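K.L.:
quick one: sequence plus predicted model below, questions after.
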Amino acid sequence: MLKIIIALDGEHFSEATLRMAKWLNNKDKILVTGIFLNPIDYREVIGFNDMGVTSPVFPVTVSVDEKITQLTMKKFEMYCIQNQLAYTIHKDTGLFAIDELLMETRFADCLLVSSELFYENIDKEQPNEYLRKVLHQSECPVMLVPEDYEEPKNIVISYDGKGSSVFALKQFAYLFPKCTNMGTKLFNVTEDKDKIMHQGLLQELAERHYKPFNVEQIPQKADIFQQWLNENHHYILITGAYSRGELSLLFKKSFITNIIKAQKVPIFVAHL
């Protein structure tokens, strides 16, 4: 049984992440852990005085509306009970919310998070700073879930020949083997549109896990792939794009960033 955590901050209750947990549970039983976070990460308001010692730039007080938090926790609990999901609840309302969530990911198989609602009170433009940090530093794979999505019926993998993209397709197969028989397309998005790097080795591996498995090629242009996803809502996307060492380069290319902004399909992200 996998341990799947769902991050909920403040009053942002994402039913979409719970629907995804239910879909995964129907494939194979999981434990769902609800992580209830402070509505702001106070690390952002800590500065340094003239002596180099940390001090708050304004009085730091945790102003969590306990009634709203309890209501959100109750909604989570009721959803799990009604849909026969095994669950636990963790209330991480310390000052440094993101650090606490990242610590939790060390002890989980996968994190589900809303690609729209996650700390939208800080910045509605996704991926915002908090979401980028989670994607970059999470110690388990992350599944980004739009609030209005179609239940996945097929899988699409973005492949650029790098280790992270292969790692991602392996991680999804290892975690969710009962989801890999829906039919899978692998899009080659390398600069050389006539060459799929290590194609023989790639197919030798992928065809052991994904059935049926088909390889297609598209030009190295994010907007073409994004347009395809916009027209094919019933897919779940697997990508290794948020590699730890390639974060700044990634955002310059804005490949996955634009797909997150489009908010059409769930995205499974795993990096080395």
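P.N.:
Received it, and whenever you're ready, just let me know what you need.
K.L.:
what ranges do the strands span in this protein?
P.N.:
Listed from the start of the chain, the chain has strands (DSSP state E) covering 2-9, 30-37, 46-48, 54-56, 86-92, 110-114, 142-145, 154-159, 184-188, 213-217, 235-239, 267-269.
K.L.:
which among the ones you listed is found nearest to residue 121?
P.N.:
Each of these was scored for nearness to residue 121 using C-beta to C-beta, and the closest is strand 2-9 (8.0 Å). Using the backbone N, CA and C atoms, a C-beta is placed for each residue, glycine as well.
K.L.:
can you list the strands of the chain in JSON lines and add mean neighbour count, mean pLDDT and distance to residue 166?
P.N.:
As requested, the strands of the chain are arranged in JSON lines below (neighbours: other C-beta atoms under 10 Å; pLDDT from 0 to 100; distance: least, C-beta to C-beta, whole Å):
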{"stretch": "strand 2-9", "mean neighbour count": "23", "mean pLDDT": "94", "distance to residue 166": "21"}
{"stretch": "strand 30-37", "mean neighbour count": "22", "mean pLDDT": "94", "distance to residue 166": "25"}
{"stretch": "strand 46-48", "mean neighbour count": "11", "mean pLDDT": "46", "distance to residue 166": "39"}
{"stretch": "strand 54-56", "mean neighbour count": "11", "mean pLDDT": "44", "distance to residue 166": "41"}
{"stretch": "strand 86-92", "mean neighbour count": "15", "mean pLDDT": "89", "distance to residue 166": "32"}
{"stretch": "strand 110-114", "mean neighbour count": "25", "mean pLDDT": "96", "distance to residue 166": "18"}
{"stretch": "strand 142-145", "mean neighbour count": "26", "mean pLDDT": "96", "distance to residue 166": "18"}
{"stretch": "strand 154-159", "mean neighbour count": "22", "mean pLDDT": "93", "distance to residue 166": "8"}
{"stretch": "strand 184-188", "mean neighbour count": "22", "mean pLDDT": "91", "distance to residue 166": "11"}
{"stretch": "strand 213-217", "mean neighbour count": "15", "mean pLDDT": "87", "distance to residue 166": "13"}
{"stretch": "strand 235-239", "mean neighbour count": "25", "mean pLDDT": "94", "distance to residue 166": "11"}
{"stretch": "strand 267-269", "mean neighbour count": "25", "mean pLDDT": "95", "distance to residue 166": "14"}
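K.L.:
turn those strands into a markdown table, including distance to residue 135.
P.N.:
As requested, the strands of the chain are exported to a markdown table (distance: least, C-beta to C-beta, whole Å):
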| stretch | distance to residue 135 |
| --- | --- |
| strand 2-9 | 12 |
| strand 30-37 | 16 |
| strand 46-48 | 23 |
| strand 54-56 | 26 |
| strand 86-92 | 18 |
| strand 110-114 | 9 |
| strand 142-145 | 6 |
| strand 154-159 | 15 |
| strand 184-188 | 20 |
| strand 213-217 | 26 |
| strand 235-239 | 11 |
| strand 267-269 | 6 |
